Each structure stands twice: as C-alpha cells, then as structure tokens.
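> can you look at this prediction? I've put the sequence above it.
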Amino acid sequence: MAAEAPARSWRGLVGVLAAQAVAWTGTRLSAIALPWFVLTTTGSAAQTGVVVFVEMTPYVLIQVLSGPLIDRVGPRRISITGDLVSMGVVSLIPLLHAADLLSFGLLLPLVAVVGAFRGPADASKGVFIPAMTRAARVPLERGTGLTGTIERLASTVGPAVGGVVVAVVGGAYALVITAVLFGLGAAIIAMTTPPSEAPADGEAGESYLSRLRSGAEFLRKERLLRSIAGMVAVTNLLDAAWASVLLPVWARNGGHSPAVIGFVVGVMSAFAALSSLGSAAIAHRLPRRPVYLIGFLIAGAPRFVVLALGAPVWVIAVVYAVSGLGSGFLNPIIGAIQFERVPPEMYGRVRTLVVAVAWSGMPFGGLVGGGLIALAGLSPALLLCGAVYLVTTTLPGLQKEWADMDRERRRPVSQP
C-alpha cells in the first residue's frame, strides 16, 4: 500500500516569506539611512563609499565561508543567530551617536560586523525555499516568484519609510527601526520553521573544507550558473554605485531631500513587486532566456541615463516604474535555476558561492561611484555606468550555455 502523502502546509513558506520581508525592509531602510548619515556628517562621497565597502566586503566573504556550515547545522540556526547579532550591533550606532561617541573610525568595524552576519542570515532564508514550496505543493517558480515579490515590496516600503524617517530624525536614528526589524525576522523564523534535520551519515562525516571544496567544484562545472553569477556581479557593482553614492549625490546636487530618493526607489520597487507577483503566477509557463534578457535591458541602463540628463523627478519616476517592471522577473528566474541544478544536500555551499560571486562587485560599488564622480563629475559617471550596464547584460545572452535555462525544468510538485 502506498504511503499517504503529507498534508499541504503553508506555515513554513509564509513564515520564511514574512521573515524575509521584515529583514529586507530593515536592510533597505538602512541602505538609505546609513549613506545619508555619512554623507551629511562628513560631506564626503568618498567616505560614504568606504563605509559601503567595509560593510559589503564581509557580507560577501562570510557568505562563502558559511555555506558548508548552513548545510551542516541547517539554515534555521544561522538565520536566527545572524538576525539577532545584526539587531544588537545596528542598535549600537544610534546609541553611540546620541552619546557623541561615534567616530568614523568606530563606525567602520560596526558596519563590518553587521555585514559579516547579514550575509549568512540572508543566504539561510533563501535555502528554506525548495522545502517550503514542496510542503505547500506549489511550483518552484511560484516559490521563488513570491520571494521576489516580497523582496521588491521590502524595497518599496524600506526606502519610502527610510526617506521620510531620515528626513525627520536623521540617518543614525532611523537605524533603530532597522534593528527592530532584524529582531522580528529572527522571531518569525524561530516560530514558523521546523528544527533542522541531521545530515546523512556520509554528509555528517565530511569536513568543513571538503564541503567547501565540493561546492566550488560543482560551481566550476556548472557553466550556466557561473555565467549568470559573473554577469550579475557586474550589474550588482553598478547598482551598488547607483544606490549608495550616485543617487544620493544626484539628490544633494539637485536640492532634493532624502524623501525624493525614497520616492523614486520606492516607485521602481513597487512596480518590480507587481511584476514579481506576475512571475509567481506565470513564470513557469514562460521561456526564461528572452524574459531574462529583456528584463535586464529595460531595468538597467535607463536608470542611469535619465539621472544624467537632468530630467525632472516625474520623468525619472516614470522611467524607474518601467525599469521595475523589467526587474521583477529576474531574481525568480535566477532562484529557480539555482535550485533546479543543485542537489538539495549542497544548497547551502553552492548557493552561497553563487551569491558571493554575484555580490563580489558590490563592496566596490561605493568606491567606484565616488571615484568616478571625483574624476569626471556626476553626469559622465552616470552615463559610463549605464553604458557598461547595457553591454554587460546583452552580450552573455549570446553564449550557447544560456539555452540551458529552459532545459529540464523540474517542478517539485504538480500544479495545484
């Protein structure tokens, strides 16, 4: 007699999505609050870029090193620990600032610690998705599409709230909300996800370095994943330059408040959330490669060009809305491809490597943005970044391994 299938459960998927929502909202809020705080207190675009570099470098490096640990002890512990430590350290920044004890030299190690714990925490939440979509009996693209929707919604709420809060109380004190959201994310994961299962006997005896090497070897042989990660590494660098330096400097030079930054970023994220929701509904029926390339075409270069041309805010908002529609399908496709091509027992180590490669340029985004402004001025820096974005997102689509995007698409369960 066949074993009875387990009952459908949405608890884990809803919990992970909720935890991602609050943690990402906190991260997006701090992405406005922290650079604006540094820019207004130091007046230096270069120092703002240094802070972003110091936070993002450990974010990327520790993600790589945490992959084998996630596979060994499970994503639940790593996610909860990372969120709690991030909450504690972020809350120190406004406290020290209020006591007039926060120097630039002290701020750097604090943001480095935050980056070191945010990386593993964020990666761990993503590792939950395949198991949670199986439990909910939905296609994998729907799970990654909902994750993309949540990320985009967080990118809408975070900047919008951040712009207003920063304008009212200042960048340092806006980080209090970030700390609270990190703590809430830890509580949600603790309450909604089951304890991690013990690894199989063979996996349990495998050393940390062996796990790390096996993940790297797997990624080396996976040409499609490697190509996607390399392309996204460049675009993420440019996105980091845009968000952390180019956009704030554009706002300051144009006499705009942080609320305007929150508005234009929020518009883009809101429309990205709509297209991510559409991705959750129909992405499993669409050809991936053309959707992916067209999405990058309209989501990338236009954002830089419209700022360089000095367009009015309402025109920028329209361009950013269209860009958001294009970007909403990107991460769900990337996530589904990763989970389809990687064995479940290697999710942690391979996913963190892919993310680390994709994020490897981000620590340098602020430095590149600040350096280009110092060398050539804001408008030339924006135009150059837009041109590089266009070339980077067009050429890889001609590689033959990209045809593998639509081959052997596996769904964990049949459609409900």
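Noted; the coordinates are in hand.
> remind me, longest helix of this protein?
helix 11-42 (DSSP state H).
> list the contacts for the nearest residue to residue 262 once chain neighbours are set aside?
Leaving aside its chain neighbours, residue 262 sits nearest to residue 163 (2.2 Å; criterion: CB to CB, 6 or more residues apart in numbering). Just so you know, the C-beta spots here come from the backbone N, C-alpha and C atoms, and that holds for glycine as well. Residue 163 makes contact with 32, 257, 258, 259, 260, 261, 262, 263, 266, according to CB atoms under 8 Å, 6 or more residues apart in numbering.
> check which helix or strand covers residue 163.
Under the criterion of DSSP states H and E, residue 163 resides in helix 140-169.
> what's downstream of that helix, the next helix or strand?
helix 171-192.
> and the angle for that next one with helix 11-42?
170 degrees (axes from the mean of the first three to the mean of the last three CA atoms, to 10 degrees).
> average pLDDT for stretch 104-120?
What stretch 104-120 shows for mean pLDDT is 90.
> quick one: contacts of it?
Contacts with stretch 104-120, where a contact means CB under 8 Å, 6+ apart, come from 27, 34, 38, 42, 47, 50-51, 54-63, 66, 69-70, 78-79, 81-83, 85-86, 89-90, 92-93, 96, 352.
> distance from that stretch to the middle of the chain?
17 Å (CA atoms, centre = their mean, to the nearest Å).
> kindly report the same for stretch 113-123.
11 Å.
> same check on stretch 141-154?
11 Å.
> what is the rounded mean pLDDT of whatever helix or strand residue 307 lives in?
In the assignment (DSSP H and E), residue 307 maps to helix 301-308. Averaged across helix 301-308, pLDDT comes to 91.
> equivalent analysis for stretch 68-77, please.
On average, stretch 68-77 scores 84.
> what is the end-to-end distance of it?
One end of stretch 68-77 sits 13 Å from the other (CA to CA, to the nearest Å).
> when you give positions from now on, start the count at 493
Right, with 493 as the first residue, what we last looked at is stretch 560-569.
> so what touches it?
So stretch 560-569 is contacted by 570, 612, 615-617, 619-620, 681-682, 685-689, 691, 695-696, 700, 703-704, 707, 837-841, 844 (CB under 8 Å, 6+ apart).
> okay, and the helix or strand of the protein with the least pLDDT?
Ranked by mean pLDDT, DSSP states H and E, the weakest helix or strand in the chain is helix 693-696, scoring a mean of 51.
> export whichever helix or strand comes after it to PDB, keeping only CA atoms.
Note on helix 693-696: by DSSP H and E, the next helix or strand toward the C-terminus is helix 700-713. Output of helix 700-713 as PDB, limited to C-alpha atoms (Å, rounded to 0.1, in the frame of the first residue of the first chain):
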ATOM      1  CA  TYR A 700      34.200  21.700   6.600                       C
ATOM      2  CA  LEU A 701      37.000  22.200   4.000                       C
ATOM      3  CA  SER A 702      35.800  19.200   2.000                       C
ATOM      4  CA  ARG A 703      32.300  20.700   1.900                       C
ATOM      5  CA  LEU A 704      33.700  24.000   0.800                       C
ATOM      6  CA  ARG A 705      35.800  22.400  -2.000                       C
ATOM      7  CA  SER A 706      32.900  20.200  -3.200                       C
ATOM      8  CA  GLY A 707      30.700  23.300  -3.600                       C
ATOM      9  CA  ALA A 708      33.400  25.200  -5.500                       C
ATOM     10  CA  GLU A 709      34.000  22.200  -7.800                       C
ATOM     11  CA  PHE A 710      30.300  21.900  -8.500                       C
ATOM     12  CA  LEU A 711      30.000  25.500  -9.500                       C
ATOM     13  CA  ARG A 712      33.100  25.300 -11.600                       C
ATOM     14  CA  LYS A 713      31.400  22.600 -13.700                       C
END
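> buried residues in helix 700-713?
703, 704, 706, 707, 710, 711 (16 or more other CB atoms under 10 Å).
> list the residues that contact the third one.
With contact taken as CB under 8 Å, 6+ apart, residue 706 is in contact with 698, 838, 841.
> most neighbours among the residues you listed, which one is it?
Neighbour counts for these (other CB atoms under 10 Å) peak at residue 841, which has 27 neighbours.
> check what pLDDT it gets.
Residue 841 is assigned a predicted lDDT (pLDDT) of 79.
> please tell me I have it right and it contacts residue 703.
Yes. The criterion here is CB atoms under 8 Å, and residue 841 meets it with residue 703 at 5.5 Å.
> hang on, the earlier thing: identify, from the contacts of residue 706, the entry nearest to residue 594.
residue 841 (36.8 Å; CB to CB).
> host element of that closest one?
Assigning secondary structure by DSSP H and E places residue 841 in helix 839-851.
> which residues sit against that helix?
548, 551-553, 555-556, 558-563, 567, 612, 615-616, 618-619, 622, 703-704, 706-708, 710-711, 717-718, 720-722, 724-725, 728, 830-831, 834.
> C-terminal to that helix, what's the next element?
Counting by DSSP H and E, the next helix or strand C-terminal to helix 839-851 is helix 857-868.
> just how off-centre is that following helix within its chain?
22 Å.
> tell me the average confidence for the helix or strand following it?
Following helix 857-868 in sequence order, the next helix or strand is helix 870-886 (DSSP H and E). Summarised as a single mean, pLDDT over helix 870-886 is 90.
> buried set for helix 870-886?
For helix 870-886, by 16+ other CB under 10 Å, it's 870-871, 873-878, 880-882, 884-885.
> now, which of the residues you listed sits nearest residue 632?
residue 885 (24.2 Å).
> angles on the backbone of the residue nearest to that closest one when sequence neighbours are not counted, please.
The spatially closest residue to residue 885, leaving aside those adjacent along the chain, is residue 788, at 3.8 Å (CB to CB, 6+ apart). Main-chain dihedrals, residue 788, degrees, to the nearest 10: phi -70, psi -30.
> cool, the one 4 residues further on as well?
Backbone torsions of residue 792, given as degrees, to the nearest 10, read phi -100, psi -90.
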